[in-house]
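Trainee: Model the structure of this input:
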Amino acid sequence: MRSSAQPQNGGENYPNFHSTVSLRKLRRFNYLILLFRIAAFSSSLASFVFMLSTSRSSVPSSPRWYHFDAFRLVVGANAIVAIYSLFEMVASVWEISRGATLFSEVLQVWFDFGHDQVFAYLLLSADSAGTALARVLKGMDTCTEWSAFCIETDIAISLGFLGFLFLGFSSVLSGFRVACFVIKGSRFHL
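Mentor: All right, here's what the predicted structure looks like:
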């Protein structure tokens, strides 16, 4: 269907035209978001697995992650962020391959930004609580008696903070998309 506006210079109207440079920049931007989503998923999943692996000791009196509320929060937050990051990875791949979002554009932009913010702060608070507990345990006899437990919880918490960083970078990029949407009416910055 043709536009009612007259073509200029005797040519055709191309309302959705983007230069190849613009399309490359957009593709690179989408791949960067996907890269941060993959990194957030990987580090959150690794943190989740490391924290679960602390309970593999055969000695019944050894400390377990589920004995401590803060470590349960770390496990839960990392599991939630890993699932969310997996969903967002699928959404990013969908957008890259199909050129369209899963939801309507306005919903997708605000969904990504809002959830990136919420889950980044959830991960930060959980890992901060885990860090405080780990410091308390180091001051007690727990880490001298069960050093493997303390090392594994430290690794899990560190990986959780790394997941927060990657989710924070994703949040910055999705915030940029929100700003572009508010200013230009499209999530594309071009």
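
Trainee: Contacts for stretch 91-104, please.
Mentor: With contact meaning C-beta atoms under 8 Å, 6 or more residues apart in numbering, stretch 91-104 is reached by 27, 30, 31, 33, 34, 37, 108, 111, 112, 187. Yep, even glycine has a C-beta here, placed from its N, CA and C like the rest.

Trainee: I'd assumed residue 173 was in contact with the fourth one.
Mentor: What it means is residue 33. Yes. Look at residue 33 against residue 173 with C-beta atoms under 8 Å: they come within range, at 5.2 Å.

Trainee: on that earlier part again, please type out the ChimeraX selection for whichever of the contacts of stretch 91-104 turn out to be buried.
Mentor: A single ChimeraX command selects the buried members of those (16 or more other C-beta atoms under 10 Å):
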select :30,33,34,37,108,111,112,187
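
Trainee: what's the farthest-apart pair in the contacts of stretch 91-104?
Mentor: Put simply, by C-beta to C-beta the two of the contacts of stretch 91-104 set farthest apart are 27 and 111, 21.5 Å from each other.

Trainee: Flag the shaky bits of this structure, pLDDT-wise.
Mentor: 1-21, 55-60, 187-190 (pLDDT under 70).

Trainee: Check which residues of the biggest helix by length in it are buried.
Mentor: Counting by DSSP state H, the longest helix found in the chain is helix 147-184. For helix 147-184, the neighbour count (16+ other C-beta under 10 Å) marks 149-150, 152-171, 173-174, 177-178, 180-181 as buried.

Trainee: now do stretch 39-47
Mentor: Going by 16+ other C-beta under 10 Å, stretch 39-47 has these buried residues: 39, 40, 41, 42, 43, 44, 45, 46, 47.

Trainee: Next one: the residue nearest the centre of the chain from residue 137, what distance?
Mentor: For the chain, residue 167 is the residue whose C-alpha lies nearest the centre (C-alpha atoms, centre = their mean; 3.6 Å). Look at residue 167 and residue 137: by C-beta to C-beta, to the nearest Å, they are 26 Å apart.

Trainee: Let me know the distance separating residue 28 from residue 35.
Mentor: From residue 28 to residue 35 the distance is 10 Å (C-beta to C-beta).

Trainee: So which residues of this protein form helices?
Mentor: Using DSSP H, helices in the chain cover 20-52, 69-98, 105-139, 142-145, 147-184.

Trainee: Export those helices as TSV, with columns for distance to residue 61.
Mentor: Converted to TSV, the helices of the chain look like this (distance: least, C-beta to C-beta, whole Å):
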stretch	distance to residue 61
helix 20-52	19
helix 69-98	17
helix 105-139	15
helix 142-145	9
helix 147-184	12
